[in-house]
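>>> Predicted coordinates and the sequence they were generated for:
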Amino acid sequence: MPRMPRSRVRTDGSLRGRPLLVQVCVVLAALALAVAALAFYAQRVLFDSHRFAGRVELALSEPAVARDVGGTLTEEIVRAKPDLLAVDPLLRSLSEQVVRSAPFRSLAGHAAYQAHAAVFGRAHAGAVLIVGNAALLVAQALQAVDPAAARQIPPRLRTPVASLDGGGPARAFADVARAADRVQALGAIALLLALAFAVLAVALTPRPQRARTIARLGWAAAVVGVLLILAVEAGRALVGGLAATQVRADALRAVWGVFLGDLEVWSFALAVAGLVVVAAAASRASEPAFARRVRALALRVAARPRAMWLRTVRALALLALGALIALQPAAALRLAAVAGGLFVAALGLEELMTLVERPEAPRDREQGAPPPPRIGVRPFAALVALAVVGAVAVSAIGVSAATPDAPPAPGCNGAQSLCAKRLDAVAIPATHNSMSSPQDGFLLANQDSGIPAQLRGGIRGLLIDMHMGVQTPRGVYTVLDEGGKSRAKIEQAIGPAATRTALRLREQIGYTGGGDERVYLCHGFCELGALDAVTVLRQIRDYLLLNPGAVLVISIEDQVAPKLVEDAFRDSGLLDFVWTGPVRPVPTLGEMVDRDQRVLVFGEEETGGVSWYHQQFTYVRDTPYDLPDAAAVLGPPGCALNRGTTASPFLLINQFVAGPPRLTPALTVNRRDAILAHARACARTLGGLPGLIAVDFWQEGDVVGAARELNGLG
């Protein structure tokens, strides 16, 4: 019996409402798919603090954004110091360069992380993205051009870059973002709904027409992808209208592109995937169905409609399109490229389907018996096409998102895994007499480089000595109390010969009194080498400013009053980074980084009256510092309890030989394997975990690498 034509298939009352219901299911599936795409993208890029901060860093590398933020920074500087108005053009040029630099972007990324966390915190209604001490970078850049102007720039100036405080749209955005973030499963729920509606649409369709319904679902997915692309481009064109100046408009468009540009990649992949479904379900006509439909659509658009309202809509649409091309040629070109790409991809996919499964011969359709059941090649071709499209999309998304998705800073002390650990549970590479280096003019130097180089090399613990001194034309004269404990400790530390040398230098200086007493970093006698304490602490501050993930411990062998130590920290600006919270319980590195209080300060002697200046051996237990040779340091005597108690949370391992500094013992005790074995032995003997590991000549051996291995970082 010949097949009944499709138009004669019986449709009883139970099927009359199905076409409309199928269409409703297709529309609902498309809406759910759009919600799923937006939700997944928002969770990945907008609602994750680390990735959001990474996007901020990436945005600052855009010239338009750097120009706008640099202008804001310049305005803040001139507002604080009006006399700098004379060098405003120079400041703007330097500020733009600074904003695009890695140090500023790192600082901005850290500030963005904190602001983002504040917005999504339950107790915060908004946040301001503030880059602290950004003016310092401008001052450093200006120093080479105009030192006098550079000295006028306030180093502690805080620059607001963006704000979500206050009312209006900013507050509304923050409220909506927090509400959406709380629905963590929104993307998964929407995707499941899209699949459910799609399955329902196919199930409600009579079997002979299911291929057409599947094609409609593919078209719906493609339309969703195209509409999302159009929305991103429309937003990019319109967001500039929110700005008061052209510079700000260009910056807003650039920021829009950085944050939502990858959504276009996702949307394009979705549109192509929809076209794959359309091609797989298309009819077996000799002419590709897609080309036929596009031609029919083009003829319909070109023809003048008869209805007045349709002619009006057509005229307005053409006017809008012409305005878009004239006013936003770049956006129009991007949209044309996307449309052309989708058209070519659809033609290619449909052609692939016609190649792998040819149309049936007419005689096959005229036979009375139905063809034998078989599995066609088309489903496998569709799967291959989907796999290719998916691989290309994933690669594009991965490449485009790899840079901004990285954390704004390399975790805490170089590793994200350390952020969750307490500071006393982390091995910290440290230097003994950190300030004492030949480059800084020290005789009998303990280190082979100064403190800035140590910090850049990975040292995170600094053992320094503070003394009072007076600058004279022949050097710094140490202010000592006759018969006091300082002189006895000095002779024990540097030996009688070095002490006699220092005393001879004191006599040559010929100090007779007077002068300005200041705090210096010296090892015993400042006559053997001295650095201004405020200058060195400012260098430490500068390093922390440029490295927002660095956490330090400073141990001070103090021969000065606590108030003078506090003044030196305040005058240098390092006080802004000092941990002011409790030491029991010991904070985690992540807590210190989040609060941007990343320096824990101990003092060996008197620390009273300064809340953040902690008595060292209340919290620290250490090993002997007066062992005469490498064998003793690495043997059982080197793990004996010296100062502090077993209740002290921090362990300080003195991994150096006593007496005048000598390189030969350091070559032995600084070996990586020697440090690892000794640190683990002391941890077993004294309990707890290896903490501060203090060495002389830190560049010999590998104390930094040993600390990384003890921290499980390889």
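Yep, it's here. The structure displayed is predicted, hence computed values, not measured ones.
>>> Am I right that residue 466 falls within a strand?
Yes: counting by DSSP: H, G, I helix; E, B strand; the rest coil, residue 466 is part of a strand.
>>> quick one: contacts for it?
The contact partners of residue 466, taken as C-beta atoms under 8 Å, 6 or more residues apart in numbering, are 519-522, 533, 556-560, 564-565, 568. Backbone N, C-alpha and C define where each C-beta goes, glycine included.
>>> Return the set of residues that bridge with it.
Counting by DSSP bridges, residue 466 forms beta bridges with residue 521, residue 558.
>>> From residue 538, how far off is it?
Using C-beta to C-beta, to the nearest Å, one gets 15 Å for the distance from residue 466 to residue 538.
>>> Please apply the same query to residue 271.
56 Å.
>>> Outline the domain layout of the chain.
Taking automatic domain parsing as the reference, the chain has its domains at 54-165, 208-291+328-365+376-408, 416-468+534-710.
>>> who are the neighbours in contact with residue 632?
Counted by C-beta under 8 Å, 6+ apart, residue 632 has contacts residue 638.
>>> if we go to 10 Å?
Contacts for residue 632 (C-beta atoms under 10 Å, 6 or more residues apart in numbering) come out as 624, 626, 638, 657, 658.
>>> Save those as CSV, and put in secondary structure too.
Below are the contacts of residue 632 laid out as CSV (three-state DSSP):
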residue, secondary structure
624, coil
626, coil
638, helix
657, coil
658, coil
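>>> residue ranges with poor pLDDT in the stretch 151-300 of the chain?
Along the stretch 151-300 of the chain, segments meeting pLDDT under 70 span 155-184, 282-300.
>>> 90 instead, please
Along the stretch 151-300 of the chain, the parts satisfying pLDDT under 90 run over 151-191, 195, 198-199, 201-223, 225-227, 229-253, 255-300.
>>> how about the strands in it?
158-163 (DSSP state E, counting those that start in this stretch).
>>> ok so, going back, between residue 271 and residue 538, who's got more neighbours?
residue 271 (26 against 18; other C-beta atoms under 10 Å).
>>> doesn't residue 34 make contact with the more buried one?
No: with contact defined as C-beta atoms under 10 Å, residue 271 does not count as touching residue 34 (11.9 Å).
>>> Need the overlap of contacts for the two.
What both residue 271 and residue 34 touch, as defined by C-beta under 10 Å, 6+ apart, is the set 221, 223, 224, 225, 227, 228.
>>> Same list, those residues, but as TSV with neighbour count and distance to residue 617 please.
Formatted as TSV, the shared contacts of residue 271 and residue 34 follow (neighbours: other C-beta atoms under 10 Å; distance: C-beta to C-beta, whole Å):
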residue	neighbour count	distance to residue 617
221	26	68
223	16	72
224	24	67
225	26	66
227	14	68
228	23	63
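>>> Tell me the one among those residues nearest to residue 544.
The closest of those to residue 544 turns out to be residue 228 (C-beta to C-beta; 42.6 Å).
>>> From what I see, the closest one and residue 36 are in contact.
No: applying C-beta under 10 Å as the test, residue 228 and residue 36 come out as separate, 11.4 Å apart.
>>> Common neighbours of the two, please.
The overlap between the contact sets of residue 228 and residue 36 (C-beta under 10 Å, 6+ apart) consists of residue 270.
>>> what about the strands in the stretch 501-650 of the chain?
Counting by DSSP E, counting those that start in this stretch, the strands of the stretch 501-650 of the chain are 517-521, 531-532, 552-558, 599-603, 613-615, 620-622, 650-654.
>>> which one of these lies closest to residue 281?
strand 552-558 (63.7 Å).
>>> Pull that closest one out as CSV, backbone CA atoms only.
Extracted in CSV, the C-alpha atoms of strand 552-558 (Å, rounded to 0.1, in the frame of the first residue of the first chain):
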residue,chain,number,x,y,z
LEU,A,552,56.7,38.9,57.1
VAL,A,553,57.9,38.4,60.6
ILE,A,554,60.3,41.0,62.0
SER,A,555,62.3,40.2,65.1
ILE,A,556,64.1,43.2,66.7
GLU,A,557,67.0,42.9,69.1
ASP,A,558,66.2,46.2,70.6
